[in-house]
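Trainee: pasting a predicted model and its sequence here:
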Amino acid sequence: MAEIETSHNPTLEEIQNFKGRYPKQLWYLFFSEMWERFCFYGMRGMLTYFMVTELLMNEENANLQYGATQAFVYAFTFIGGLFADKILGFRRSLFWGGILMIVGSAILAIDPHEFFFLGIGFTVVGTGFFKPNISTMVGTLYKATDPRRDAGFSLFYSGINIGALIGGYACITIGKEYSWHLAFGLAGIVMTISLLTFLFTQKSMGPIGLPPSDNSLVKPILTESVGQTAPTAPASITEKVKTKAWHSYAVYIGSLAIIPVIMIMVAKTEYTDWFMYTIGPVTLLYLFYEMRNYDKAERNKLFAALFLIIFSIFFFAFFEQSGGSLSLFAAYNLDNKLLGTFTVDPNGVNNAANSLFVIIFAPLLGLLWVSMNKKNREPNTIVKFGLGFLFLAGAFYIFYTCRFFAGSNGIASLDVFTIAYLVITLGELCLSPIGLSAMTKLAPAKLQGMMMGMWFLASAYGQYVAGLIGAGISQGNENDSPYQKLLTYTDGYKQLAVYALIAGIIMIAASPFIKRLMSGVK
């Protein structure tokens, strides 16, 4: 394991008292996350198509496999966040996760047909250690009352999508046109760039992300950023470090030992069902157990966070059709002309359009929130969530209308499909980066990683349900004509539009009650 910088210079107070719109450390995390997301979204965009065309799965099973794989990816972010909180610290968790992701990409590059599930197993566990912890480090750059936090997360979110844009289009295009070995290998190369970026810039993070024992002396400053009264520093820091050392090695060994289990559970989706039926209730019980240690105000904030987490499950279940049913819809039912001029791969557009629109609109929306905050007109977090669902409803209705822009051959307009992604992106920007920010504002210091992990665990359930929805939409249409597939898929998207509309109305109606639970957190 690489030596982790332990210098407390600059201090957390100096970092949080930055001048201007963004702290410089945000840019370092921005670039590290950008390349990691190239790897992740590059492979995500290939999964369903690769399983149908190369592993010769039927569409229903491919959707279920996609949902299972993505569910475990996000479920392990909860576990990764928990280990970061209690043992490793955010930096070591991030480094270890990056190493596992590089190994997984290398395995897939060697032989994606023979070692598909082995490579996926390494990637699942690696992402679990990497993803929640870098997001938590972003939240720690800001004090709890800093109105620039949402703008910072929106900028960070655009970094995610620069990587997703390039990786999402490049990997599947290279795989389809040249070589799947090269496509998976490229994902591993850029993950290496991500890890090196983090290693060479971590000195600027001061105490942020250090293991819990190393970070004890800066707790009074760290907890100020999330509004919790700081605990007294332990009497013997040296003794605590020694206690944690073997725990760290146990985490490394355990994470390797679990990979064969992940392989089996992803390959057999019925095992995924059992896992998802278990992990959610267990997680809630653990959260309620931890809540005993906090006062009523802190517990109310956690309940508000839980409300956001539950509704995010429904959002991601619909949104993540992009990697499942929408991927197959793009392959079978879209033309390859954009704006009547540009010849593009419709699967590449499906993978990259959302990211392109995020890059364009995320900074603008972040600036809009800051501007509205100065005028005391910024909508609260719950209303933003509700707006996200309303945009989501509009997007899926546009996906439905693709049937009206198709010929008798079942091939629909790529332009209309792309417009739907513009609308769905506006919904995502109202919910996802705001949700990340809300978790860091509502969670006590000791539960930062856990709550960020729970946010991604909600994404796991969203991915799982997305696979079930995609499988339901594609069930029985294996031998259908393209036109019949068009009608089947678009009927499903119309139903999703209705459900998203109902969820948005409920969110906005519940806003006053949830706002009271948040105790002034906006």
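Mentor: Sure, I can see it.

Trainee: low-scoring stretches of this protein, by residue?
Mentor: Low-confidence segments of the chain (pLDDT under 70): 1-9, 132, 212-244, 433, 436, 449, 453, 476-478, 520-522.

Trainee: show me what counts as buried in the longest helix that it contains.
Mentor: For the chain, the helix reaching the highest residue count under DSSP state H is reported as helix 482-517. When neighbours are counted by 16 or more other CB atoms under 10 Å, the buried residues of helix 482-517 are found to be 483, 485-490, 492-493, 496-497, 499-501, 503-504, 507-508, 511, 514-515, 517. (C-beta placed from N, C-alpha, C; glycine too.)

Trainee: number of residues surrounding Thr192?
Mentor: Using other CB atoms under 10 Å as the criterion, Thr192 is surrounded by 17 other residues.

Trainee: hmm, Ile102 and it touching each other?
Mentor: Yes. The pair Thr192 / Ile102 is scored as a contact, 5.7 Å apart, by CB atoms under 8 Å.

Trainee: what helices or strands is the helix or strand hosting Ala297 leaning on?
Mentor: Applying DSSP states H and E as the criterion places Ala297 in helix 296-319. Contacts of helix 296-319 with other secondary structure elements, assessed using 3 or more CB pairs under 8 Å, 6 or more residues apart in numbering; DSSP states H and E, are made with helix 269-291, helix 381-401, helix 414-442, helix 448-474, helix 482-517.

Trainee: distance from that helix to the middle of the chain?
Mentor: Here the centre of mass of C-alpha atoms in helix 296-319, compared against the chain's by CA atoms, centre = their mean, to the nearest Å, lies 15 Å away.

Trainee: give the next helix or strand downstream of that helix.
Mentor: The element immediately downstream of helix 296-319 (helix or strand, assigned by DSSP H and E) is helix 325-333.

Trainee: tell me the contacts of the residue nearest the centre of the chain?
Mentor: Most central residue of the chain, judged by C-alpha distance to the mean C-alpha position with CA atoms, centre = their mean, is Phe456 at 6.1 Å. Under the criterion of CB atoms under 8 Å, 6 or more residues apart in numbering, the contact list for Phe456 reads Tyr74, Thr77, Phe78, Gly81, Lys131, Pro132.

Trainee: quick one: which of those residues is most hemmed in?
Mentor: The most crowded member of the contacts of Phe456 is Pro132, carrying 36 neighbours; neighbours defined as other CB under 10 Å.

Trainee: okay but Thr173 is in contact with Asn350, surely?
Mentor: No. Counting by CB under 8 Å, Asn350 is not a contact partner of Thr173; they are 11.7 Å apart.

Trainee: out of those two, which sits in the busier spot?
Mentor: For the pair Thr173 and Asn350, the greater number of neighbours falls to Asn350 (27 against 18), based on other CB under 10 Å.

Trainee: tell me, how many residues neighbour the residue nearest to the more buried one when sequence neighbours are not counted?
Mentor: The shortest distance from Asn350 to any residue other than its chain neighbours is 4.0 Å, reached at Ala330 (CB to CB, 6 or more residues apart in numbering). Close neighbours of Ala330, defined as other CB under 10 Å, add up to 23.

Trainee: contact partners for Ala330?
Mentor: Neighbour list for Ala330: Pro346, Asn347, Val349, Asn350, Phe417 [criterion: CB under 8 Å, 6+ apart].

Trainee: separation between it and Asn336?
Mentor: Going from Ala330 to Asn336 by CB to CB, to the nearest Å gives 10 Å.

Trainee: give me the common contacts of these two.
Mentor: Shared contacts of Ala330 and Asn336, counting by CB under 8 Å, 6+ apart, come down to Pro346.

Trainee: and the longest helix of the chain with helix 381-401, angle?
Mentor: Counting by axes from the mean of the first three to the mean of the last three CA atoms, to 10 degrees, helix 482-517 lies at 170 degrees to helix 381-401.

Trainee: run through the neighbouring helices and strands of helix 482-517.
Mentor: Contact here means 3+ CB pairs under 8 Å, 6+ apart; on that basis helix 482-517 packs against helix 296-319, helix 325-333, helix 381-401, helix 448-474.

Trainee: of those, which is nearest Arg21?
Mentor: helix 381-401 (19.8 Å; CB to CB).

Trainee: output the contacting helices and strands for the closest one.
Mentor: Checking 3+ CB pairs under 8 Å, 6+ apart, helix 381-401 ends up next to helix 296-319, helix 414-442, helix 482-517.

Trainee: again, only this time at 10 Å
Mentor: For helix 381-401, the elements it packs on are helix 296-319, helix 325-333, helix 346-374, helix 414-442, helix 482-517, judged by 3 or more CB pairs under 10 Å, 6 or more residues apart in numbering; DSSP states H and E.

Trainee: okay, those helices in CSV with distance to Asn61 next?
Mentor: Written out in CSV, the entries for the helices and strands packed on helix 381-401 read as follows (distance: least, CB to CB, whole Å):
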stretch, distance to Asn61
helix 296-319, 19
helix 325-333, 12
helix 346-374, 19
helix 414-442, 25
helix 482-517, 16
